[in-house]
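K.L.:
Sequence first, predicted coordinates after that:
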Amino acid sequence: MGGGQNDGLDRPVIDNPGTGHRERLRDKFLRFGLEKFTDEEALELLLTLATPRRDCKQQARALLKALGSLRGVLEADPKALAAVPGVGPKNILGLKLVPAVARRYLEDRLLTMGRLGQGRELEDYLLFSMGGLNQEVFRVFLLNSAGQVIASEDLFSGTLDQTVVYPREVLARALAAGAAALICAHNHPSGDPAPSASDREITRRLFHACRAVGLELLDHLVVGHKAIYSFAQRGEIAAWAAEHQAWAL
């Protein structure tokens, strides 16, 4: 007998025994956000959006088992997602759409803030958008004199362990955009944000090149999987500023 049809008895027919569970998950999210959710519950709720008439608990559990974590699921290649039993094209679309929308949202927040500081908003965006990349990418945020972001661009990309950065191209882009200052960032696919000797040298060269044409390099951030190294917070930018001042005397 097909679901949704009356069975001849004076009682409602329940098409999906999991409907009440779905509603409880949705109500819980609307009341508390994700704070009270396990990763499995969060993933299950997400999967229900593309699976209207089937329990998604087993799918969520299988995805976490196969890919290790919620982040691993959301950053997985579509082929890896499709290899998990019970995960279809609509599920994959939803799973890939969520991080893409989140990246757009975080970037939009940066671009519309009154002033960009080297604080939590920027670090959250960089960890989310660059922390899981499998090759190095060199990103530049161009700021006006009020500290507002006027552009954000990926200027260079490289192999798993090396990015070739050309300071002249960075300066040309900044000057063409009318920027007053810039913040640079690049990721380490290894997950370790500790800067290499070449990272430190290119940052020093960029700092002095910027000073020579009236630009300010505010920071260079090295993005790992879970943490970020800031040249400004470690005092290295200030040391180069003192070095530059000494040369000018």
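P.N.:
All right, it came through fine.

K.L.:
Going by C-alpha atoms from here, please, whenever you check contacts or count neighbours.
P.N.:
Noted.

K.L.:
measure A242 to F128 for me?
P.N.:
Plainly put, A242 is 34 Å away from F128 if you go by Cα to Cα, to the nearest Å.

K.L.:
The two: who's more crowded?
P.N.:
F128 (20 against 12; other Cα atoms under 10 Å).

K.L.:
ok, A238 touching A232?
P.N.:
Yes: with contacts counted by Cα atoms under 8 Å, A238 reaches A232, the gap being 7.0 Å.

K.L.:
where's I228 relative to L126, distance?
P.N.:
I228 sits 9 Å away from L126, going by Cα to Cα.

K.L.:
just V222 next, same as before
P.N.:
According to Cα to Cα, V222 stands 9 Å off from L126.

K.L.:
Tell me the bridge partners for L221.
P.N.:
Assessed by DSSP bridges, L221 has beta-bridge partners A185, S230.

K.L.:
what residue ranges in this protein score low on pLDDT?
P.N.:
Along the chain, segments meeting pLDDT under 70 span 1-19, 53, 113-119, 160-163, 244, 246-249.

K.L.:
need the strands for it, in chain order.
P.N.:
Assigned by DSSP state E, the chain shows strands spanning 137-143, 149-157, 181-187, 216-223, 228-230.

K.L.:
how many degrees apart are the second one and strand 137-143 in direction?
P.N.:
Meaning strand 149-157. Angle, strand 149-157 to strand 137-143, by axes from the mean of the first three to the mean of the last three Cα atoms, to 10 degrees: 160 degrees.

K.L.:
Could you count how many residues lie near the closest residue to R26 other than its chain neighbours?
P.N.:
Nearest residue to R26 in three dimensions, chain neighbours excluded: L45, at 7.2 Å (Cα to Cα, 6 or more residues apart in numbering). Neighbour count for L45, taken as other Cα under 10 Å: 22.

K.L.:
OK, contacts around L45?
P.N.:
With contacts defined as Cα atoms under 8 Å, 6 or more residues apart in numbering, L45 is in contact with R22, L25, R26, C56.

K.L.:
same question, K226
P.N.:
Per Cα under 8 Å, 6+ apart, neighbours of K226: L127, G131, G191.

K.L.:
Now intersect these with the helices, please.
P.N.:
With helices defined by DSSP state H, the entries of the contacts of K226 inside them are L127.

K.L.:
From the contacts of K226, pick the one nearest F141.
P.N.:
Minimum distance to F141 across the contacts of K226 is 15.0 Å, recorded for L127 (Cα to Cα).

K.L.:
follow-up on the earlier one: same list (the strands of the chain) but as CSV, adding distance to E107 and mean neighbour count.
P.N.:
CSV is the format used below for the strands of the chain (distance: least, Cα to Cα, whole Å; neighbours: other Cα atoms under 10 Å):
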stretch, distance to E107, mean neighbour count
strand 137-143, 11, 23
strand 149-157, 9, 16
strand 181-187, 14, 24
strand 216-223, 16, 24
strand 228-230, 18, 21
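
K.L.:
Between these, which one is closest to F32.
P.N.:
strand 228-230 (29.3 Å).

K.L.:
outside of stretch 181-188, which residues touch it?
P.N.:
For stretch 181-188, contacts defined as Cα under 8 Å, 6+ apart pick out 130-131, 133, 135-145, 147, 160-161, 174, 193, 215-225.
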